[in-house]
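1. Sharing a model prediction with you, sequence too.
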There are 2 protein chains.
Amino acid sequence: MRLTRDQVLAGALGLLDEVGIDGLSMRRLASVLGVQNGATYWHFPSKQALLEAMAEAMLADLTLGLDERLPWYERISELAQRLRSALLAHRDGARIFSGVFVPLPNALAYGETMIGLLRGAGRSSRDAAWAVDTITYYVVGHTIEEQLAAGLPDGGRDAVARLTDALDPAHHPNMLAALDDIPVPHTEDHFAYGLGVIIAGLRSA
Amino acid sequence: MRLTRDQVLAGALGLLDEVGIDGLSMRRLASVLGVQNGATYWHFPSKQALLEAMAEAMLADLTLGLDERLPWYERISELAQRLRSALLAHRDGARIFSGVFVPLPNALAYGETMIGLLRGAGRSSRDAAWAVDTITYYVVGHTIEEQLAAGLPDGGRDAVARLTDALDPAHHPNMLAALDDIPVPHTEDHFAYGLGVIIAGLRSA
DNA sequence: ACCTGAACACCGTTCAAGT
DNA sequence: ACCTGAACACCGTTCAAGT
């Protein structure tokens, strides 16, 4: 049975979920697919091209079926949450996405919808585009962090312990007061809080 | 002349500025320092430990001498801009910082000051800590992107050309309208816009 | 205490040669 | 058209042995 491009892509996404982005190598992928090292290079010219296809696959259908009865800021919020969910659907999905620098069709659809919503709300094209950047940096940064903690062997418990040890009541009274308020890994409402802040800022403009 | 820990660290920061984070290898660092491969491992137990020391060095004096006469939100803004500047001071500085998961003393000082400012403004410890996360994800995400474009051979011109080619008037009217408004690499006012949105959101709460 | 020399176990990528 | 086999030019890390 010959390999197809789709099989290589599906194998890569499966391997990603198993071993994470740091364990994802072209050699390991070939071994999972039961072929020799060079074989995948017939289907994808480089690892980077494969990573791009993986990111594009993750973003499928991101903008479909948005409820047009919702006010613009709720549709913005919905899209941002969909982006987070799409990236969470695969281990280290946010890092895969953030490592891609070519314009992916599905990422363009996301940007187009977002900018359109803001322009529809009366923003200039400049403000609309810059606001989308603000939202997207937040979503991606938050999700990277969330997945990093989730990918640790102990789910981040050790990281919290190290932070606790590093805090000194004399120098860090405020961080100590907030220590129990920081969920590790991050949660849905931690995400929603920051998104709400950004959208409140946009509405107040 | 024997090597010191500081010489290894300074050599690593210098090499980073020359070749970027993707070109920064322990072997190349040893070669720059005029020693054999294993030599740096006497001063730093691992590459990760060296990256942590590099991040810590970049954040030196971040919170010093904040003008206490400024209102809390302007001090927040000042600190966020200082973080950006500190990361911009070395090539790929934002990616170095974002790859560190241990509590760095200088990063703790940043968090402590930020949370303290927000609690001083009447926020709960939870809201204060979560708001700092929101700001910091934005700063780091923005700066990573800025440095990625700046690190490209042509300063990002080719990336813009590829984006332009990928846009289709029928599907992306809003992105096309905004195309000339997106600075590549990102600029100071592009950064300030998003920071202003977040701070406006925080003040409106 | 600090470094060398050499090895181990990996990488991404290329490409003539096979089928 | 699609893959193998083998190589090239790299990695991070370890560690006995040297000074």
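-> Perfect, thanks for sending it.

2. Every contact and neighbour count from this point should use C-alpha atoms.
-> Will do.

3. and stretch A:56-69, anywhere near chain B?
-> No. With CA under 8 Å from any CA of the partner chain as the criterion, chain B is not reached by stretch A:56-69; the gap is at least 12.7 Å.

4. And the residue of chain A that's closest to chain B?
-> In chain A, the residue that lies nearest chain B is A:Gly201 (3.6 Å; CA to the nearest CA).

5. Skip the chain neighbours and tell me the closest residue to that residue.
-> Nearest residue to A:Gly201, sequence neighbours excluded (CA to CA, 6 or more residues apart in numbering or on different chains): B:Gly201, at 3.6 Å.

6. Can you name the residues of chain A that neighbour DNA strand D?
-> With the criterion set to CA under 7 Å from any atom of the strand, chain A comes near DNA strand D through A:1-4, A:34-40, A:42-43.

7. Taking these, please make a ChimeraX selection of just the buried ones.
-> Those of these that count as buried under 16 or more other CA atoms under 10 Å in any protein chain shown are selected in ChimeraX with:
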select /A:39,40,43
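
8. Considering the residues of chain A next to DNA strand D, which member attains the minimum pLDDT?
-> When the residues of chain A next to DNA strand D are compared on pLDDT, A:Met1 comes out lowest, with 72.

9. Mind giving me the packing neighbours of the one helix or strand the residue of chain A closest to chain B maps to?
-> Taking DSSP states H and E as the criterion, A:Gly201 maps to helix A:188-203. Contact partners of helix A:188-203 among helices and strands, from 3 or more CA pairs under 8 Å, 6 or more residues apart in numbering or on different chains; DSSP states H and E: helix A:72-88, helix A:125-151, helix B:125-151, helix B:188-203.

10. Give me the buried positions along the shortest one.
-> Buried residues in helix B:188-203, counting neighbours by 16+ other CA under 10 Å, are found at B:His190, B:Phe191, B:Gly194, B:Leu195, B:Gly196, B:Val197, B:Ile198, B:Ile199, B:Ala200, B:Gly201, B:Leu202.

11. what's near enough to touch the third one?
-> Counting by CA atoms under 8 Å, 6 or more residues apart in numbering or on different chains, B:Gly194 touches A:Trp130, A:Ala131, A:Asp133, A:Thr134, B:Tyr138.

12. In chain A, which residue sits closest to DNA strand C?
-> Of the residues in chain A, the one nearest DNA strand C is A:Ser25, at a distance of 3.1 Å by CA to the nearest atom of the strand.

13. what about that residue, distance to A:Leu51?
-> Distance of A:Ser25 to A:Leu51, computed by CA to CA, to the nearest Å: 11 Å.

14. Looking at these two, which one has more neighbours?
-> Applying other CA atoms under 10 Å in any protein chain shown to A:Ser25 and A:Leu51 shows that A:Leu51 carries more neighbours, namely 20 against 15.

15. My guess is the more buried one contacts A:Val102. True?
-> No. Using CA atoms under 8 Å, A:Leu51 makes no contact with A:Val102, being 10.9 Å away.

16. where does chain A have low pLDDT?
-> Within chain A, no stretch falls below the threshold (pLDDT under 70).

17. care to break it down by domain?
-> Domain segmentation of chain A under automatic domain parsing yields A:5-45, A:72-204.

18. Most tightly packed of the ones you listed?
-> Highest mean neighbour count of the domains of chain A: domain A:72-204, a mean of 19 (counted as mean count of other CA atoms under 10 Å in any protein chain shown).

19. Quick one: end-to-end length of that domain, please.
-> The straight-line separation of the ends of domain A:72-204 (CA to CA) is 14 Å.

20. How about stretch A:121-129?
-> Where stretch A:121-129 starts and where it finishes are 13 Å apart, if you go by CA to CA.

21. Please name the residues that touch A:Arg203.
-> Taking CA under 8 Å, 6+ apart as the criterion, A:Arg203 is in contact with A:Tyr73.

22. same thing but at 6 Å, please
-> Counting by CA atoms under 6 Å, 6 or more residues apart in numbering or on different chains, A:Arg203 touches no other residue.

23. Output the helices and strands packed on helix A:188-203 as CSV; include the columns distance to DNA strand C.
-> Formatted as CSV, these follow (distance: least, CA to the nearest atom of the strand, whole Å):
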stretch, distance to DNA strand C
helix A:72-88, 21
helix A:125-151, 18
helix B:125-151, 18
helix B:188-203, 32
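
24. got those helices as a markdown table, with distance to B:Leu87 columns?
-> Shown next, in a markdown table, are the helices and strands packed on helix A:188-203 (distance: least, CA to CA, whole Å):
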| stretch | distance to B:Leu87 |
| --- | --- |
| helix A:72-88 | 26 |
| helix A:125-151 | 16 |
| helix B:125-151 | 7 |
| helix B:188-203 | 13 |
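
25. B:Ala10 is nearest to which of those helices?
-> Minimum separation from B:Ala10 across these (CA to CA) falls at helix B:125-151, 20.5 Å.

26. between the following helix or strand past the closest one and helix B:125-151, how big is the angle?
-> Sequence-wise, the next helix or strand downstream of helix B:125-151 (DSSP H and E) is helix B:157-166. Interaxial angle, helix B:157-166 versus helix B:125-151 (axes from the mean of the first three to the mean of the last three CA atoms, to 10 degrees): 100 degrees.

27. With just CA atoms, put helix B:157-166 into CSV.
-> Written as CSV, here are the backbone C-alpha positions of helix B:157-166 (Å, rounded to 0.1, in the frame of the first residue of the first chain):
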residue,chain,number,x,y,z
ARG,B,157,9.0,42.1,2.6
ASP,B,158,8.7,38.7,1.0
ALA,B,159,6.1,37.7,3.7
VAL,B,160,4.0,40.7,2.8
ALA,B,161,4.2,39.8,-0.9
ARG,B,162,3.1,36.2,-0.1
LEU,B,163,0.2,37.5,1.9
THR,B,164,-0.8,39.9,-0.9
ASP,B,165,-0.7,37.0,-3.4
ALA,B,166,-2.9,34.8,-1.1
